[in-house]
Each structure stands twice: as C-alpha cells, then as structure tokens.
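Chemist: coords please:
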Amino acid sequence: MPRRLRIHVPGGIYHVTLRGNHKQPIFFEDGDRSLLNIIVTRALANHGARLHAYCWMTNHLHLFMQAGTQPISRPMHDIAAEFARAQQIKLATTGHFFERRYHATLVDADRYMLELLRYVHRNPVTAGMASCPAAYAWSSHHEYSGARSCDWVTTGFALRMFATERTNAIAAYLAFVNTQVDDPWEPAQAMVSGKAVLGDDDFIARVTGVRTQAKQRQSLDELIEEACQRFGIAADALISPIRDSYAAKVRGWIACRARQRGIAPLAAVARKLGRTEGALRFAIRAHPEEME
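Modeler: Reported below is the predicted structural model:
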C-alpha cells in the first residue's frame, strides 16, 4: 500500500495524529504523559518546529504543529521513536508500538485554525472522558485559558484571532471552546478520509501547485452579496448590533448556504456577521419556508 502524500510547506500548519498499534493504550500512568512532554519539547527545539495545541488521549495523540524549515516528519520521527522505545523498555515488549505512521493534514489556518483548536481541546469531552476541556489535564487548553504556562506551546497566534488584548482573547476563547458543536466537522472527516490538504481550491493550488479545473468556489463575501440582492437588505444591516428579526432570518440563510456549498464553516460566518455560533444555529432552525 503506497504511503500517503506528504507536503512540506515551511511555516505550514498541520493537524497530526498518532495512534497506538491496534488502537491500544499508549499511556499507563501520568508519568508517561510527563515523559512525552519532555520528548516533544526536545524534538520541537531540535527541528525548529512550533506546537500550537496538543491533546494526549489514552490511545492516540493530537498535535497542531507548525513546520520550520524542516519537514514535520523530522520532529514526528523523533517523538514517535523515542517515546516508543521508552515504553517498550518499561513494558518489556517488542514490535510496533504505534499504528503505522502518523497522519498529517496541512491546514489552511485562516479558514480552520479556531475550529481545529476547539476540536483538539474538546476531544476528551467528545470521548466522554471529561465534562469540559478544563477537566482534562493533558491538553493545551490550560495554556490557552491562562491556568498554566509552558514555553513549548505557542498560544499567541491563535489567541490573536479572537482579540488583540490577551485578557479579552482568553475570554473569547473560553466562550468558543465551551460551546458544543453538533454539526459534522470537515477537518475531522479529513482525518478519516486521509486528506493531505484541508482548504479551499486556492489554498490547495498554492501548496501543491495543482489547480483544480472545477468551477471557482463562491466566497463568503459573494454569498453575503447574493443574500442582500435576493432579500433586499443592506450588508450593514446584517452586521448591525440592532436586533431585527428579518436580518436574523437572512443571516440564517447565509449560514445554511455557506455550510451546504462548502464555502465557510459556521465559526467563520459568525465572525463575519458579528454573531455567535449559537445565534446562527437558532436562526437556521427558525429558517422559514419562504426563504427557500
């Protein structure tokens, strides 16, 4: 079976997962995760990579890693090899410790950074291992919330996408990450399907040099313009803080179409329209028949 395509983009951001062989546990006591922290810190420093987020689950790892000048295969090889050797010595076992190679998806950070951050930090909640991200000790949620600090996790880049002032950014992050999302999440589907790149056609063309022959995907700005023309409403009314039931219905239509057409995730639509994701979900559910 051929290896999956691996694309090296200096400065590129990747969602990396690594699973135990046959999905078996890879941690047996808290000290194992502490050892992994040390190994990851060393690998990042040796290869000039950054880690924007992580979550150490029972039988797999999530890493939100940014490559330096070297491919992420370098730090990932060191992490997997050193941790596997340490565990095999302790367990007095041989054979494969991890299941195949790691899986990495190059991610369009502008489009998916915050959704990916929430997905990684809510993994223990989704798995039923914790009631909320704060209740799980082995993720970088605590660095983002300000409850803990370590120099091998880079939080500033993502937090600045919430707000320029750190206190406000942390508050916005906490509201975002504590919101449960029931909609299917494209990056999660990308992991299952084995996609090497996650982004729109332009992003894929930039990183692979291959431009699809398919019709150019509509942008979110173009979708909003379409909605304004279709429903006879000004764009300013859609982002106005003034409560208006008709504008809310149009925002619901935009959010629904953005998801259906693969234009943008709900989080991106919410930021564009100055609304919460919860407000847009309510608008979608209350979407009247005449708006179709």
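Chemist: mind checking which helix or strand the residue lying closest to Leu280 once chain neighbours are set aside is in?
Modeler: In this structure, Leu280 finds its nearest non-sequential neighbour in Ala255, 4.3 Å apart by Cβ to Cβ, 6 or more residues apart in numbering. Where C-beta positions appear, they are placed from N, C-alpha and C, glycine not excepted. Element membership for Ala255 (DSSP states H and E) is helix 245-260.
Chemist: Could you list every helix and strand that that helix packs against?
Modeler: helix 220-231, helix 235-239, helix 266-273, helix 277-285 (3 or more Cβ pairs under 8 Å, 6 or more residues apart in numbering; DSSP states H and E).
Chemist: Mind listing residues that contact that helix?
Modeler: 183, 220, 223-224, 227-228, 231, 233, 237-238, 240, 263-266, 268-270, 273, 275, 279-284, 286-288, 291 (Cβ atoms under 8 Å, 6 or more residues apart in numbering).
Chemist: Now with 7 Å, please.
Modeler: 220, 223-224, 227, 231, 233, 237-238, 264, 266, 269, 273, 275, 280, 283-284, 286-288, 291 (Cβ atoms under 7 Å, 6 or more residues apart in numbering).
Chemist: ditto for stretch 34-54
Modeler: By Cβ under 7 Å, 6+ apart, stretch 34-54 touches 13, 56, 62-70, 72, 74-75, 78-79, 82-83, 86, 117, 120-121, 139-140, 152-154, 157-158.
Chemist: Please, where are all the helices along the stretch 1-150 of the chain?
Modeler: 30-47, 73-91, 109-121, 123-126, 141-145 (DSSP state H, counting those that start in this stretch).
Chemist: Let me have those helices in a markdown table, extended by mean pLDDT and distance to Asp244.
Modeler: Converted to a markdown table, these look like this (pLDDT from 0 to 100; distance: least, Cβ to Cβ, whole Å):
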| stretch | mean pLDDT | distance to Asp244 |
| --- | --- | --- |
| helix 30-47 | 94 | 49 |
| helix 73-91 | 89 | 50 |
| helix 109-121 | 88 | 27 |
| helix 123-126 | 92 | 35 |
| helix 141-145 | 97 | 34 |
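Chemist: and Tyr102, which of those is closest to it?
Modeler: In terms of Cβ to Cβ, the element of these nearest to Tyr102 is helix 73-91, at 5.1 Å.
Chemist: Heading C-terminal from the least confident helix or strand in the chain by mean pLDDT, find the next helix or strand.
Modeler: None of the helices or strands of the chain scores lower by mean pLDDT, DSSP states H and E than helix 186-193, at a mean of 58. Of the helices and strands lying after helix 186-193 in sequence (DSSP H and E), the nearest is strand 197-198.
Chemist: so what does the very next helix or strand once past that next one touch, helix or strand wise?
Modeler: Scanning forward in sequence from strand 197-198 by DSSP H and E, the next helix or strand is helix 201-208. Secondary-structure packing of helix 201-208 (3 or more Cβ pairs under 7 Å, 6 or more residues apart in numbering; DSSP states H and E): strand 197-198.
Chemist: other SSEs contacting the strand it packs on?
Modeler: Packing partners of strand 197-198 (3+ Cβ pairs under 7 Å, 6+ apart): strand 103-107, helix 201-208.
Chemist: Of these, which is nearest Met113?
Modeler: That would be strand 103-107 among these, by Cβ to Cβ, at 7.4 Å.
Chemist: Just the C-alphas of stretch 58-71, formatted as PDB.
Modeler: This file holds the C-alpha atoms of stretch 58-71, laid out as PDB (Å, rounded to 0.1, in the frame of the first residue of the first chain):
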ATOM      1  CA  THR A  58      -5.500   7.300  26.100                       C
ATOM      2  CA  ASN A  59      -4.600   5.600  22.800                       C
ATOM      3  CA  HIS A  60      -3.700   8.500  20.400                       C
ATOM      4  CA  LEU A  61      -2.100  11.900  20.200                       C
ATOM      5  CA  HIS A  62      -3.300  15.100  18.600                       C
ATOM      6  CA  LEU A  63      -0.700  17.700  17.700                       C
ATOM      7  CA  PHE A  64      -1.400  21.100  16.000                       C
ATOM      8  CA  MET A  65       2.100  21.600  14.600                       C
ATOM      9  CA  GLN A  66       3.800  24.300  12.500                       C
ATOM     10  CA  ALA A  67       6.800  23.300  10.400                       C
ATOM     11  CA  GLY A  68      10.000  25.200  10.400                       C
ATOM     12  CA  THR A  69      12.400  24.900   7.500                       C
ATOM     13  CA  GLN A  70      12.500  21.100   8.000                       C
ATOM     14  CA  PRO A  71       9.500  18.800   7.300                       C
END
